[in-house]
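*Asks:* coords below, sequence missing:
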């Protein structure tokens, strides 16, 4: 049954990447039922997060947040810090309040650093955290975040994050540091 759940989730992932969201949700829901039936809490958390991702892409944010909340509880209960960080990052991306967004993204970054996930650190710094810092007026911190991402990415297979960070810095106006 666990193998079947994993297969259903994998098919859901493919369907989601193809933007076949209703079908992806069906597969994720079936996987979720099986994960619960066999008591595999990490699988359950992953399926809940996947459902949240689809719902977020469909702009059904209240439902997405409910699924993310459930996933976060399970990730924390099972000690799955990467899953926990990824949900916190989603909360940060979805938060309407800039300060709340920043707090979630900083929590995610701390977890990514603690587990040594270089890819997720770079991604969070470049794609989300620097912009959140800028949104609350933390210009120097935003610049440091982009430099940190570039430093992490250099000499790794994630060099594209260094390029993205440098491009972002170039595109920001030097006086106001707002995206152009």
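*Replies:* Great, that's in hand. Every value quoted in this text rests on a predicted model; they were computed, and no experiment measured them. Numbering: from 1, shown residues only.

*Asks:* Could you use CA atoms for every contact and neighbour count after this?
*Replies:* OK.

*Asks:* Helices of the chain, start to end?
*Replies:* Per DSSP state H, the chain carries helices over the ranges 2-17, 21-38, 41-57, 61-78, 81-94, 98-115, 118-124, 130-135, 139-153, 159-171.

*Asks:* Any chance of TSV for those helices, columns mean pLDDT and mean neighbour count?
*Replies:* Written out in TSV, the entries for the helices of the chain read as follows (pLDDT from 0 to 100; neighbours: other C-alpha atoms under 10 Å):
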stretch	mean pLDDT	mean neighbour count
helix 2-17	96	18
helix 21-38	97	20
helix 41-57	97	23
helix 61-78	98	19
helix 81-94	98	22
helix 98-115	98	19
helix 118-124	97	21
helix 130-135	96	22
helix 139-153	95	19
helix 159-171	93	18
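
*Asks:* and the gap between residue 170 and residue 146?
*Replies:* To residue 146, residue 170 is 11 Å away according to C-alpha to C-alpha, to the nearest Å.

*Asks:* go on, residue 107?
*Replies:* Residue 107 is 17 Å from residue 146, where distance means C-alpha to C-alpha.

*Asks:* same question, residue 159
*Replies:* Taken as C-alpha to C-alpha, the spacing of residue 159 relative to residue 146 amounts to 13 Å.

*Asks:* what does residue 111 give?
*Replies:* The gap separating residue 111 from residue 146 is 18 Å, by C-alpha to C-alpha.

*Asks:* Kindly report the same for residue 83.
*Replies:* Distance, residue 83 to residue 146, by C-alpha to C-alpha: 23 Å.

*Asks:* before we move on, what about residue 156?
*Replies:* Counting by C-alpha to C-alpha, the separation of residue 156 from residue 146 is 16 Å.

*Asks:* Likewise for residue 54?
*Replies:* Here the criterion is C-alpha to C-alpha. By it, residue 54 lies 29 Å from residue 146.

*Asks:* And for residue 49?
*Replies:* The spacing between residue 49 and residue 146, counted by C-alpha to C-alpha, is 27 Å.

*Asks:* Next, count neighbours for residue 1.
*Replies:* Under the neighbour criterion other C-alpha atoms under 10 Å, residue 1 is assigned a count of 11.

*Asks:* Check residue 155 too.
*Replies:* 10.

*Asks:* okay, it: pLDDT?
*Replies:* The predicted structure scores residue 155 at 81 on the pLDDT scale.

*Asks:* Show the backbone phi and psi for it.
*Replies:* The phi/psi pair for residue 155 (degrees, to the nearest 10) reads phi 80, psi 10.
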